[in-house]
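Q: how would this look folded up:
(chains A, B, C and D, ligands or ions: 4)
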Amino acid sequence: MPSEARESLPLNEPLQAPVIELRGITKRFPGVVANRDIDLVIRAGEVHALVGENGAGKSTLMKVLYGMYRPEEGEILVNGTPTTFRGPNDSIAAGVGMVHQHFMLADNFTVLENIILGSEPRSGGRIDLEAGRARIDDISRDYGLGLDPDAVVEDLTVADRQRIEIAKVLFRGARVLILDEPTAVLVPQEVDELFEHLREMTAEGLAIVFISHKLDEVLKVADVITVIRRGTTVSTVDPRSVTARQLAELMVGSELPKPDTRDSTVTDKVQLSVAGVSLVAPSGKKILDDISFDVHQGEVAGFAGVEGNGQSELVGALLGLVKLNAGRVIVDGRDVSDESTIARRNLGIAVVPEDRHRQALLLTSPLWENRILGHTHDPRLFTSWGWLKKRAAVSDTARIMSGYDVRAPGPDTLAGSLSGGNQQKLILGRELESEASILIAAHPTRGVDVGAQAAIWERIRAARAGGLATVLISADLEELIGLSDTLYVIYRGALVAKLDPASVTPQILGTYMTGAATEVSA
Amino acid sequence: MSARTAPSAPAATHAAALRSRRNRLLLLVGVGFVALSVTRVVSGEGVLTASGTINAMVWLTLPVALAGLGGLVCERAGVVNIGLEGMMMLGVWGAGFAGWRWGPVAALIAALIGGALGGLLHALATVTFGVDHIVSGVAINLLAAGAVRFLSEITFLPATGGGPTQSPPLSGSIPTFDIPVLASGPDLLGKVESTGLPVVGDLAGILRGLLVGITPFELLGVAMFPLTAYLLWRTALGLRLRSAGENPWAAESLGVDVVRMKYLAVVWGGALAGLGGLFLVMFTGSYREGMTNGRGYIGLAAMIFGNWRPGGLAAGASLFGYADAVRLRSQNSLAVLALFIFAAIIVIVLGILWLRRGRRLPGAIFIGIGVAFLLGYIGLDSLPNEVTTLTPYIVTLVVLTVSSQNLRMPKADGLVYRKGEGH
Amino acid sequence: SGSSTTTTTTTAPAAGGATTVKVGMAFDTGGRGDGTFNDLAVKGLERAAKELGVTAKELSPNADGTNRADLLRQLADSAYNPIIGVGYAYGDPMDQVAKEYPKVQFVRIDGGPSTVANVAVMDFAEQEGSFLVGVAAALKSKTKKVGFIGGNESMVINKFGAGFVQGVKAVDPAIVVADKRLASGDEGKGFGDTQGAKVAAAGMYQDGADIVFTAAGGSFAGSFPAAKDAGKLVIGVDSDQYNTVSDATWKPLVLTSMVKRVDNAVFQSIQSFRSGGALKSHSFNLKDDGVGYSQSGGFVDDIKTQLEDYKSKIVSGAIKVNEK
Amino acid sequence: MTRFRRVAVTGFLPAVLALLVAVVLLGIVLRILGADPLTSLVALFDFGETPRAQANQMRSWVNGSVPLFLSGLAVSIGFRMGLFNIGVEGQYRIAGLVAAWFAATVALPAFLAIPVTIVVGMATGALYALIPAVLKVSRGVNEVITTIMLNSIVGGLIAYLLRGPFRDPALGDSASGRTAGVREEAWFPGFDNPFGWLGMDTPSRPLGGFLIVAVLVGVIVAVGLSRTRFGFNLRASGSNPEAAATSGVGASRMIVQAMLISGAIAGLVGLPQVLGDDHGYGAESFALGFGFSGIAVALLGRNHPLGIGLAAILFAFLNRSGPSLQNVNVPPSVVLIAQGVIVLSVVIVNEVLRRRLLRMEDRKAAADHPAPPQQGAPSGTAPAGASA
Ligand SMILES: Nc1ncnc2c1ncn2[C@@H]1O[C@H](COP(=O)(O)OP(=O)(O)OP(=O)(O)O)[C@@H](O)[C@H]1O
Ligand SMILES: Nc1ncnc2c1ncn2[C@@H]1O[C@H](COP(=O)(O)OP(=O)(O)OP(=O)(O)O)[C@@H](O)[C@H]1O
Ligand SMILES: [Mg+2]
Ligand SMILES: [Mg+2]
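A: Ligands and ions are numbered 1, 2, ... in the order given. Take a look at the predicted model:
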């Protein structure tokens, strides 16, 4: 392995002086050592990628660099001089800016308000909104971010929000940009675009720290890659000298898994049928526009689309969470359009919602209560009279935990204290264990590391082989292409394309998803 | 992908949006006024727009409105405050005590301090110790009720004219003045009002009500609204304060000291509630236990009614104060009954607006309600006292129900915030 | 009145000492020092302590007044007898407790009749006193408009209102009497609503009334500033408010007061209990100075003859004042 | 961390600690008052000299805790569901009146009289609570406001009913409002010698038997919340409405049901007095304010029936000791202060301890499961068409 060398950097180009140096950083959380004696050197004009599995400590390290956490040990050097960051203010002053893994935006505020917050241009006591606008327009123009300062964030797409986050950082004149999993929610075109921006920035001598679980992206954009495992740097490598596979091995000591559904298990029995479903907002805007499709037993129907094009509402429509303006939903030949959510779920619809914290978990409740959530009519958990069989529920939870490799002390642990990947595995477990005939899975592996990803894919494949009809919504196009038997593209609430995963590439998908092309092939 | 719009255009559209919002506001006010005038003429109940009524309305509105404004400041910073009632009690007591000892100005200061202390306690519990906001609020209401009685027992009881439930009268006098020419001396408005002409007479009455017997304290109280709104929506401090209520973790990540913002807001809010209490004391010239009489809660209601906006809040509180003034000033239940006409007109207009927007069902319902009100007015020849004494509450309830409820409370309102624990 | 909530003023009867009577007194919410009702009771009690050498024990209920019965029981258990409950709110609680202690004499000041043997209700013919102040108002009104503000529509307040109106009409049926109640039914909140009283009074004055009679417990504190602003007059209630008003500048506003001699009721109850044991319910009226009109400030001196004339007519029964 | 230890640490420990804190704070307050803290605190526990007195004090303590408990329970149901039902005050007042009127006018066989009356009371409370529920669900009106308004409105409503339809026909029209007396068979029986087993004297009046009903309701609620589908759904949509909705528990339905139950329990609050003591509803003597103190009790009891029981007993104890405090020249207001101080310190101490506990849990979680072991991820081979 070339990577045992602490610093194996491209020698063919002159080494820039480090703008930031992290030396022997150690950061502990109650019971966890998130970072252990980490060194990191960030140079101007380069994109420095950080990779590592969930919980490896990437975000924590970056929050230390951004002054949000004080490290127990180690020092931070800015342009060679040791500096202590008492808070984001200090790091901002030192020219460090961070785009967080989870967006840090006030939805009710305008773009302008979000960007200037904390470093408002003022005239007298008043905020000088005009100055702010002008400044943002400049940045927006220079980097082609195309931001509307007066739009309310609530109404914006994830891509827009991404750009706002970047604008926030640039607005503060950062020289070092930290991007924590910025591509998790972007389509290839947007990713490419983002990478162009990054190039422009590095060209201007900015340094960029780039965190991602998508290794091919990392290889594409990074000048240097640092791999973190269990809180420590295992190596720093040159992207030109490693393959994705090797990287994955460095991260988890195993090879990079790929979603892949092997031979088709699609039967001709229609399990779920959606006909002419439409949903119109009070404003008159069409949110779902005459959507029709069938899902057969053993089929995975993938739905590609830029977030905010109606996917969430589609899930809502299937579950009966929203009142439809038109259309029917037929489960196993039975029209459930007017049935309640619980009725539909009892008919065998399982759900893995897109936002696990908000839609799938009771974070302050123990795991076993989370296991029965949504399964209160499961005879294994409740008597027909509605009495809770607690002992059964607890033991069943334990069973799922072992079966799905959910790493936690036990069924009494509070769901909130699990890492994202483990939470996701528990959810998948409880849903697949419910002997459902239909699975609606939205972003089942978002923010989940490669190890967990593989496990989840494996489960979905198995269920599919068992005749499960799956509606799969994901922003990870490889996941979609790899797992789906049929691919739909949803754009502005309408299905604009039906594609064969065998013959489609992420790029092609992207063109449909962004409305660049529209035609329904088969 | 997002629409790439030319940066200059949206600014204009935003301005336009604000303008149309202001216009709609003006329209509503206009309709309301005309409706009131019509009602007055039809029913012949002069009290509806008599300057005396409006003047009383101001006094009855200020305490509620200021309590609500205190709540607004707190909740904009993400702290729910049902301790307003208690903070108001502390303010009232402070005003009673200091006013009795050292006069009106001292009363003002003490009211602010009293309320602010209550706010400080709330901030300590909710922000520092992360206690559930409602829990803390309830505890503060209990505590305040006991504290004021206890304080009265050790201060007022020994004094002549004082007792465990009441203070001796305020010392010194509160300067009041009328706006010359318009409301005093020639008293032009007074003359116009007495003509009882439709619209003109009513307008004169309302204006005159606002222009007579003004005290500097009232002006101060009223000034709090534009001032607070200005601070919250036009200054950096305000932006940071509101960010603590919308997304404290985002604010924190940009170096905003969220804890300080919340403390500031809650103490400031408490002080405003206390200020509200001042007007209760000044109105009757002495402190009396139970004076607040749930106004803190009503203020909260007004705040929600006003969609966490100073303007709407003021409107809601005024509505309450007006209804209260009318039922207290009217000689019999007829004036209150006359409000049925007013209600009918408003509701029917709303109904028509719905219909114009093509929404048949709500339109029909509204118009139906309106007709019902009219029939009620024609059918009934008086209202039982039980109803008239409850007018303000019933009106608030009805308005809340018919007014559309697409409220936008601060996103992180009521959430317990811990530094560095954002997700 | 001292800040202590218990008084044990014992002046041991020097000569031929009858056994000292231990009087228990339970106040209405607000307790000692409320400036009106409770304090009048205290006055009577202190007088009894001085003149009859009784010892006394006072208790106040908690803020929401939910423990009235417990107060009475505690007094009974501590062997106080008689036990006086101040205020009509002691209705049901006293009747219950009295049944538990048949040997103890209970006295309720104000309120409805009781069927329990050892409960004596001392109420007042408010309508008679109100009649007289009504007469005074009628004789003094220049605008021929007067007003009445009641705390609510309870039986007691209705007696005030009815008497006042009858008095006014007796002098001049043409005089208009405005009647405003701050709360409906028996709701207590009208007795602490100074804002309401002020707004209502101000309204009446602006509509031309020049004398307003406020029978609404503590709310009267709102009528004074209104009268002062308008330069008009008020009629006080319960105690002679010329002497009790907390603000000296208010004295000249008090035409007269419908005095309710709670102190007399208390004193006489104790006195007759001390001498004769078991007490009978009694309605204190003009005849036995249970109610009356005050003359402090001398504002009614000029019409005293007429007032006394009416008074004697009522006492003699020539005029019957209705309760409603 | 076992459930038991969790309960112990989050439940009892804070209460005990907080009480200590509260006692200290009170001592300071009393000092300011010029009273001697020690004698005052002793006076708190003064139950009187004679055995009779002590028995009576015990009785008023127990009796006093019953309405507080029921009210707290009612509030907590809404609270568990994320609803803030300030309206318990209004709900129990109207329910008390209607129940009294019903029990006074409708003749029923003895064995039915009491249960039916109770049902009537609960139904009334539930119906009055239904108004805010419906307004919230259909019009999105915030329940805090509506319940506040309805509290104020109930006063007038009762006044009206007591003047008209529900008024005791035997009353003179000048008498103050009151229903006819409750019929004998609906009188709620009590315990003549409840404290005999403590070697205490019999109180001068039987201990209210409604205590049994209260305990029963408490148990039902406790079991219902923790052991049934409905209870789970309620707690779920309380702690995360969106997740509950996604899993099939509709918010609207839960809101209505929660408010109905909350109101029904509220309907019980006034019945001990109406059926047990006054045997009627008298406008002048029906005790008010339990609805508000119930909020404090619920919060103090952390919305758990057992905790609420303890909180109610504590509050009742303090109420009872008001008069005893007056014996040592401590004004009754101190009782209110004490209650406020206790609520505040309990919640603060509890919050601090809860954090400790969660940290312990995290630590344990990490201890049991050090970083993931190296495990070969199940791998797929040559991706179908999916190549970057
Ligand atoms: N605020 C916190 N309190 C306690 N533990 C934390 C906190 N933040 C992170 N951790 C723990 O520290 C470890 C590192 O977390 P971190 O978020 O840095 O991982 P990561 O590399 O960013 O993972 P991912 O790829 O999922 O973002 C994890 O075990 C996490 O549970
Ligand atoms: N400078 C000001 N003077 C007086 N009132 C103001 C001022 N600015 C705002 N207000 C009032 O404050 C309220 C909110 O103002 P504005 O509409 O600017 O806030 P907003 O930014 O739209 O609200 P949000 O922050 O919730 O989006 C409105 O009632 C408005 O009338
Ligand atoms: Mg993470
Ligand atoms: Mg991370």
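
Q: A:V306 belongs to a strand, doesn't it?
A: No. The assignment for A:V306, made by DSSP: H, G, I helix; E, B strand; the rest coil, is coil rather than a strand.

Q: How about stretch A:112-128 and ligand 2, any contact?
A: No. Against ligand 2, stretch A:112-128 shows no contacts by Cβ under 6 Å from any ligand atom, the least distance being 7.6 Å. In short, each C-beta sits where N, CA and C put it, glycine included.

Q: now check that stretch, is it near chain B?
A: Yes. On the criterion Cβ under 8 Å from any Cβ of the partner chain, stretch A:112-128 is in touch with chain B at A:E113, A:N114, A:I116, A:L117, A:G118, A:S119, A:E120, A:R122, A:G125, A:R126, A:I127.

Q: Pull up the distance across that stretch, start to finish.
A: 11 Å (Cα to Cα, to the nearest Å).

Q: how far does it sit from the chain's center?
A: 31 Å (Cα atoms, centre = their mean, to the nearest Å).

Q: got the buried residues for it?
A: For stretch A:112-128, burial by neighbour count (16 or more other Cβ atoms under 10 Å in any protein chain shown) applies to A:L112, A:E113, A:N114, A:I115, A:I116, A:L117, A:G118, A:S119, A:E120, A:P121, A:I127, A:D128.

Q: which among the residues you listed gets closest to A:T376?
A: A:N114 (40.4 Å; Cβ to Cβ).

Q: Does anything pack onto the lengthiest helix in chain D? Which helices or strands?
A: Scanning chain D for the longest helix, with DSSP state H as the assignment, gives helix D:333-368. Applying 3 or more Cβ pairs under 8 Å, 6 or more residues apart in numbering or on different chains; DSSP states H and E, we find helix D:333-368 packed against helix B:133-155, helix D:13-33, helix D:290-300, helix D:305-327.

Q: Tell me which of these sits most buried.
A: helix D:290-300 (a mean of 28; mean count of other Cβ atoms under 10 Å in any protein chain shown).

Q: and that helix with chain C, contact?
A: Yes. Residues of helix D:290-300 contacting chain C under Cβ under 8 Å from any Cβ: D:F290, D:S293.

Q: can you check stretch D:142-159 too?
A: Yes. Judged by Cβ under 8 Å from any Cβ, stretch D:142-159 and chain C are in contact via D:G155, D:G156, D:I158, D:A159.

Q: isn't there a helix covering the second one?
A: So that's D:G156. Yes. Assigned with three-state DSSP, D:G156 falls within a helix.

Q: Over to B:M303: give its phi and psi.
A: The phi/psi pair for B:M303 (degrees, to the nearest 10) reads phi -60, psi -50.

Q: And stretch A:107-124, end to end?
A: 27 Å.

Q: Is that stretch positioned near chain D?
A: No. Using Cβ under 8 Å from any Cβ, stretch A:107-124 never reaches chain D; the gap is at least 15.2 Å.

Q: Distance from the chain centre to that stretch, please.
A: Computed by Cα atoms, centre = their mean, the chain-centroid distance of stretch A:107-124 equals 27 Å.

Q: before we move on, the earlier item: let's see which of the buried residues of stretch A:112-128 end up in strands.
A: Per DSSP state E, strands hold the following members of these: A:I127.

Q: Looking at the buried residues of stretch A:112-128, which one is closest to ligand 1?
A: Ranked by distance to ligand 1 (Cβ to the nearest ligand atom), the buried residues of stretch A:112-128 are led by A:G118 at 21.1 Å.

Q: how about the nearest residue to the closest one, chain neighbours excluded?
A: Using Cβ to Cβ, 6 or more residues apart in numbering or on different chains and skipping residues adjacent in sequence, the residue nearest A:G118 is B:L254, 3.4 Å away.

Q: which residues does the one you found contact?
A: Counting by Cβ atoms under 8 Å, 6 or more residues apart in numbering or on different chains, B:L254 touches A:P88, A:I92, A:M104, A:L117, A:G118, A:S119, A:K168.

Q: Regarding stretch A:474-485, how distant is the last residue from the first?
A: End to end - Cα to Cα - stretch A:474-485 spans 14 Å.

Q: Stretch D:182-193 too?
A: OK, stretch D:182-193 end separation, Cα to Cα: 24 Å.

Q: for it, which positions count as buried?
A: Quick answer for stretch D:182-193 (16+ other Cβ under 10 Å): D:V182, D:R183, D:A186, D:W187, D:F188, D:G190, D:F191.

Q: is any part of it close to chain C?
A: No. Stretch D:182-193 does not reach chain C (Cβ under 8 Å from any Cβ); its nearest approach is 12.1 Å.

Q: now the helices for chain C?
A: Using DSSP H, helices in chain C cover C:37-52, C:68-77, C:91-100, C:126-140, C:155-171, C:194-206, C:220-230, C:241-244, C:262-276, C:304-316.

Q: that older thread, farthest pair in the buried residues of stretch D:182-193?
A: D:R183 and D:F191 (21.8 Å).

Q: What residues are bridge-paired with A:A301?
A: With DSSP bridges applied, A:A301 shows beta-bridge pairing to A:V471, A:T486.

Q: you'd agree it is up against A:S474?
A: No. Using Cβ atoms under 8 Å, A:A301 is not in contact with A:S474, being 11.7 Å away.

Q: Nearest to A:L367 among the contacts of B:L254?
A: Nearest to A:L367 among the contacts of B:L254: A:M104, at 28.8 Å, using Cβ to Cβ.

Q: Where does the residue lying closest to the closest one once chain neighbours are set aside sit, in terms of helix or strand?
A: Nearest residue to A:M104, sequence neighbours excluded (Cβ to Cβ, 6+ apart): B:A250, at 3.8 Å. If you go by DSSP states H and E, B:A250 is part of helix B:248-253.

Q: helices or strands up against that helix?
A: So helix B:248-253, by 3+ Cβ pairs under 8 Å, 6+ apart, packs with helix B:236-246, helix B:258-284.

Q: close to chain C, is the longest one?
A: Yes. Remark: helix B:258-284 sits within contact range of chain C at B:L280, B:F283, B:T284, by Cβ under 8 Å from any Cβ.

Q: pLDDT score assigned to A:A203?
A: On pLDDT, A:A203 comes in at 89.

Q: Show me what the lowest-mean-pLDDT helix or strand in chain A packs onto, helices and strands only.
A: When each helix and strand of chain A is scored by mean pLDDT, DSSP states H and E, helix A:244-252 comes last, with a mean of 78. With contacts defined as 3+ Cβ pairs under 8 Å, 6+ apart, the packing partners of helix A:244-252 are strand A:47-51, helix A:215-221, strand A:224-229, strand A:232-237, helix A:450-465.

Q: What's the nearest residue in chain A when you look at ligand 2?
A: Proximity of chain A to ligand 2 (Cβ to the nearest ligand atom) peaks at A:N108, 5.5 Å away.

Q: ok, that residue - contacts?
A: With contacts defined as Cβ under 8 Å, 6+ apart, A:N108 is in contact with A:V152, A:V153, A:E154, B:E246, B:R408, B:P410, B:K411.

Q: Mind doing that once more with 6 Å?
A: Counting by Cβ atoms under 6 Å, 6 or more residues apart in numbering or on different chains, A:N108 touches B:E246, B:K411.

Q: Near ligand 1, which residues of chain A are found?
A: Counting by Cβ under 6 Å from any ligand atom, the residues of chain A lying close to ligand 1 are A:29, A:32, A:34, A:52, A:54-60, A:101, A:419-420, A:447.

Q: Name the nearest of the residues of stretch A:112-128 next to chain B relative to C:F37.
A: Distances from C:F37 to those, taken by Cβ to Cβ, are shortest for A:G125, at 54.2 Å.

Q: since we're on the closest residue in space to that closest one that isn't next to it in sequence, how many residues are nearby?
A: Closest residue to A:G125 apart from its sequence neighbours, by Cβ to Cβ, 6+ apart: B:T235 at 5.3 Å. Summarising burial for B:T235: neighbours were counted as other Cβ atoms under 10 Å in any protein chain shown, giving 17.
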